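Novice: next comes the sequence, and after it the predicted model I'd like to discuss.
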Amino acid sequence: MAAALAHGLLAALLPCNCVLCGASGPGLLCAGCHQQFFSAATLRCPVCANPLPPAPQTVQALPCGRCQAERPAFDATVAAAGYALPVDRLVLQLKFARQLALARLFAGLLADAVQRAGSDSAQRPALLCPVPLGLQRLSERGFNQALEIARPLGKALGIAVHAKLAVRVRDTLAQSSTPHGARHANIAQAFAIPDRVLVEGRHIGVVDDVMSSGQTLQELAATLKRHGAARVTNYVFARTPPNTN
């Protein structure tokens, strides 16, 4: 009770500004921006999280045509938002301006998306695995944004986070700056699983900030499956529109 009162008093004395519109309020995101950019309005493929045509709320979303024709190594994807203005600016601020407070915001919004997806705790992963960075990029940036999101997400969902469940065994070019046709080759055989026992027979959740072509998540999921993972679910803050994949 005392902690809650103290938090409320602090919020009143030091109001935050919404990271999208700048309005003053008790948190980093105002109610209006939350409703506009992070509502459940977008129906998404349950496998790859690409948008689907509108359908009645009573109709359960089925995998998109691409996922039905060629099932990826991962089994499901949950995304909190689309990667478009102004949400994309938040991702850039986290990654390149070291606005680490945004990682907690992303985790909260992603936890909300998981709740909307309707999976109960028994169906959730046994472990969360942040997409690992290569040593060079980790040294340059100083932190792994996927890990920064995974930690508060794990607390919100009650799932343990294993920071080194997967490791990147070779540095790769940034997928965002790699031509689409070369992305598979760029990321191929980039990951390794140091301890198979932690993966074998288990449901693993993979956490990342953005899913674009999906090649990185595909390669990591395939690596986890080769080491015995029973199921892989992606948890990504933002999903790029199909025409930019």
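Specialist: Sure thing, it's come through. Numbering: from 1, shown residues only.
Novice: residue ranges of each domain in the protein, please.
Specialist: Taking automatic domain parsing as the reference, the chain has its domains at 1-37, 43-244.
Novice: quick check: buried residues in the longest helix anywhere in the chain?
Specialist: Ranked by residue count under DSSP state H, the longest helix found in the chain is helix 101-117. The neighbour-count criterion (16 or more other Cβ atoms under 10 Å) identifies 102-114, 117 as the buried residues of helix 101-117. Just so you know, the C-beta spots here come from the backbone N, C-alpha and C atoms, and that holds for glycine as well.
Novice: give me the helices and strands touching it, please.
Specialist: Secondary-structure packing of helix 101-117 (3 or more Cβ pairs under 8 Å, 6 or more residues apart in numbering; DSSP states H and E): strand 76-82, helix 87-97, helix 145-157, strand 231-239.
Novice: contacts for the shortest one next, please.
Specialist: Same thing as strand 76-82. Identification of contacts with strand 76-82 by Cβ atoms under 8 Å, 6 or more residues apart in numbering yields 37-38, 42, 44-49, 51, 87, 106, 109-110, 112-114, 117, 211, 217, 231, 233-241.
Novice: taking helix 101-117 as reference, get the angle to it.
Specialist: 120 degrees (axes from the mean of the first three to the mean of the last three Cα atoms, to 10 degrees).
Novice: which neighbours does strand 76-82 have in its sheet, and in what orientation?
Specialist: strand 231-239 (parallel) (DSSP bridges).
Novice: next, the angle helix 145-157 makes with the partner strand.
Specialist: Using the same axes, to 10 degrees: strand 231-239 against helix 145-157 is 110 degrees.
Novice: quick one: the helices in this protein?
Specialist: Using DSSP H, helices in the chain cover 2-13, 31-37, 65-69, 87-97, 101-117, 135-141, 145-157, 183-187, 215-226.
Novice: off-centre distance for the last one?
Specialist: Okay, so that is helix 215-226. Distance, stretch centre to chain centre, for helix 215-226: 15 Å (Cα atoms, centre = their mean, to the nearest Å).
Novice: pull out the buried residues from that helix.
Specialist: 215, 216, 217, 218, 219, 220, 221, 222, 223, 224, 225.
Novice: then the fourth one?
Specialist: By neighbour count, with 16+ other Cβ under 10 Å as the criterion, the buried positions of helix 87-97 are 87, 90, 91, 94, 95.
Novice: quick one, grab the pLDDT at the first one.
Specialist: Residue 87 is assigned 93 on the pLDDT scale.
Novice: check the gap between it and residue 209 for me.
Specialist: Residue 87 sits 11 Å away from residue 209, going by Cβ to Cβ, to the nearest Å.
Novice: okay, and the common contacts of these two?
Specialist: residue 238.
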